[in-house]
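[1] Build me a model:
(2 chains)
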Amino acid sequence: MTIKKGEILVIDDEEVIRSGCQQILEMSGYSVAVAENGRVGLDKIIQHDYDIILTDIMMPEMDGMELLDEIGRLGKELVVIVITGYATLDNAITAGRKGAYDYLPKPFNPDELLAKIERGLDYRAHLREVQLLRQDRDRNMLECSNERARTLTIINSMSEGVLAINRQGQIVLMNPMASKIMRLSEERAIGRTVDEIVRNPDLKKSIVASLQEVQAELSSTRLEFDTVYGRAIEASITPIIDENKECIGTVAVLIDVTEDKKIEKMKSDFVSYVAHELKAPLGAIEGYLNLILDGITADKPQTEHEMIEKARDRAHGLIALINDLLDLSRTDRKKSLKEMHAIDVEKVVREAVEFYRNRAEARSQHLTVQVDGQMPLIRANEEDLFRLYANLISNAIKYTPENGDVRVEIKRTKSHVRVDVIDTGIGISGEAQKHIFDEFYRAQNAVDKKITGTGLGLSIAKKIAEDHHGYIDVTSEEGVGSTFRVTLPIIQDE
Amino acid sequence: MAKKILLIDDDPDFIEINKTILESGGYVTDTAGSSAEALAKIRANEYDLVIIDLIMEELDSGFTIAYNIRDSARTRDWPILMLTSVQEKTGFSFDLAKDQAWMKVDDFAAKPLRPAELLQRIAALLRE
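    The predicted structure is shown next:
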């Protein structure tokens, strides 16, 4: 047995030629398949890769020329040798144009056939090599273009603005965020100089300075500036140094920090506000002590006694404020750190009501709870939930005159539990209702009536309600009373 | 005749404390608990000196009142003493040499002032 030297498909409508070729080729160690016309041959070609196709031209169903067309359409690079009885130059040229490699005139002897096949196989081997090289090259090119596309996609989707500048100070790359920050389209920026398009003098100066970078190591420059459109930008400028340690350009990364600045300012405003709120009562206490210790009121013991009482009230208020601030920071803590459980709202509301029962009774108020049927469970942090209802109930008691009513109603809707805290107190003006949930806000009528408070209780209540995916709102009329309504979602059956 | 001082502060305890001190020093006092009340009293009455709490409704309520006093020929020369409990947080340097050009007050101090100190500063402002 000789080893198979190649796979050959013989297509001819004449049985004698098919089997003759098959015999000669198999004896020489080739593997041979046969087909009786072009159509059958084509099916085999589609299903299998042959090294050489040996085909007749004149055949029923599909002739050799048609087959060559079909093979061309398949895009397969096959070695086709055409056999024909009409050994005309015309046929040979036509077949060659259609992609045939060689031409075998009938009749032919075994040696002629084998010589053509061997030549064809050489060509086939050469074709394969070329094909492999081409595939290799194509793959490399694909990788290169993929790599480039990928890098561009990444740069273009960055939330930081990226600006690349060449040594001549021309913009060579600008991503969409940089375009947004600088309010300049990429088309209008590319190719133009930093001097032409960068408006901020500090940024311009830093970029130019970076292009003149001489030292080899990377050194970024950071700066902050405001754009003419009022955005706060943080820029970081880094020279691009090549392998010869020469500066070939620079990259500016721009970050819009406007929102961060706002939050920073809110935080610092809050701190100064808290500082004021903490220092005011201490200042008042110290002031009263000064009066007494420095003997200003030495001749009026009655006044002195009143002043000590007032100082104590301020100390008391200060403690309440610190407690509220602690509550606020506790509420501010990450939700994920809090334990959430299935909670019975009615139980928590009743606990809060009982907690303040003595205070209400001291003011001869009617404090009642009304529950509308069986209440479902809600998912909540029990401590927070208690604080929420407790804040509303203690407010209702505080802002309601003696003999007034404070009523707590618990109702359920299809998806929520609603707790209404209804009082017959001093009420809240329309203007004050807009700000009543703001930190440190105190309604003027409460201040006028000298009802003490920190201005934090309702902002804490609101935070807690929102943390539990619920909300709080108020309806009120001055001199008539207020209703604070907390609506929280119930646990849905899975 | 006793000098008349207007005390402006939204904190009733500070009104009471300073009023007590000023009266012990022989001054006559008038008080205002808000910017609006203060501006109304400044328009209607004559004072020898005004003490203003900086932070009331707004962080710079006191400055607004001071500008108003300096803005009218009748009240322009009234000495102004500005008080605040959080001077480091207001953003103003509270350095007369630096700020006096635009901060139209004559003196300022952190609350609370010891009684003797307050009386001394007022005496200085009134050139007594």
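[2] how about low-confidence regions in the stretch 101-250 of chain A?
    Across the stretch 101-250 of chain A, the ranges flagged by pLDDT under 70 are A:141, A:213-218.
[3] Can you name the residues that contact the most centrally placed residue in chain B?
    Residue closest to the mean C-alpha point of chain B, counted by Cα atoms, centre = their mean, is residue B:51 at 1.7 Å. Going by Cβ atoms under 8 Å, 6 or more residues apart in numbering or on different chains, residue B:51 touches B:5, B:6, B:7, B:8, B:9, B:18, B:80, B:81, B:83, B:122. All C-beta atoms are positioned from the backbone trio N, CA, C, and that covers glycine.
[4] most neighbours, which of those?
    residue B:8 (29 neighbours; other Cβ atoms under 10 Å in any protein chain shown).
[5] Okay, and the beta partners of it?
    In this entry, residue B:8 is beta-bridged to residue B:32, residue B:52, by DSSP bridges.
[6] Same question for residue A:254.
    Residue A:254 has these beta-bridge partners by DSSP bridges: residue A:161, residue A:235.
[7] In contact with residue A:441, which residues are there?
    By Cβ under 8 Å, 6+ apart, the contact set of residue A:441 is A:432, A:435, A:455, A:459.
[8] could you measure the second one against chain B, distance?
    From residue A:435 over to chain B the distance is 12 Å, taken as Cβ to the nearest Cβ, to the nearest Å.
[9] Compute the distance between that residue and residue A:429, please.
    Residue A:435 sits 10 Å away from residue A:429, going by Cβ to Cβ, to the nearest Å.
[10] what's the answer for residue A:362, then?
    Residue A:362 is 28 Å from residue A:429, by Cβ to Cβ.
[11] Could you do residue A:387 as well?
    Distance of residue A:387 to residue A:429, computed by Cβ to Cβ: 26 Å.
[12] Looking at these two, which is more packed in?
    Remark: of residue A:387 and residue A:429, residue A:387 carries more neighbours, 22 against 16, as counted by other Cβ under 10 Å.
[13] Could you look up the SS state of the more buried one?
    helix (DSSP: H, G, I helix; E, B strand; the rest coil).
[14] mind listing what it touches?
    Shown in contact with residue A:387 (Cβ under 8 Å, 6+ apart): A:327, A:331, A:460, A:461, A:464.
[15] Verify the stated contact: the second one with residue A:468.
    Put plainly, it is residue A:331. No: in this structure, residue A:331 is not within contact of residue A:468 by Cβ atoms under 8 Å, at 10.8 Å.
[16] Now for the two: what residues contact both?
    residue A:384.
[17] circling back: show only the entries of the contacts of residue A:387 found in strands.
    Counting by DSSP state E, the contacts of residue A:387 place none of their members in strands.
[18] now, which of those lie within helices?
    Judged by DSSP state H, helices contain the following of the contacts of residue A:387: A:327, A:331, A:460, A:461, A:464.
[19] Could you give the number of residues near the first one?
    Around residue A:327 there are 22 other residues, counting by other Cβ under 10 Å.
[20] Would you agree it is in contact with residue A:460?
    Yes: Residue A:327 is in contact with residue A:460 according to Cβ under 8 Å; the separation is 5.2 Å.
[21] residue closest to the middle of chain A?
    Chain A has residue A:159 as the residue nearest its centroid, 10.2 Å off, counting by Cα atoms, centre = their mean.
[22] What is the distance between the helix or strand hosting residue A:66 and the centre of its chain?
    Assigned by DSSP states H and E, residue A:66 belongs to helix A:64-74. Here the centre of helix A:64-74 is set off from its chain's centre by 53 Å, with Cα atoms, centre = their mean, to the nearest Å.
[23] Stretch A:481-493 now?
    On Cα atoms, centre = their mean, the centre of stretch A:481-493 falls 32 Å from that of its chain.
[24] Which positions within it qualify as buried?
    Neighbour counts over stretch A:481-493 (16 or more other Cβ atoms under 10 Å in any protein chain shown) mark A:481, A:482, A:483, A:484, A:485, A:486, A:487, A:488, A:490 as buried.
[25] Alright, calling it a day.
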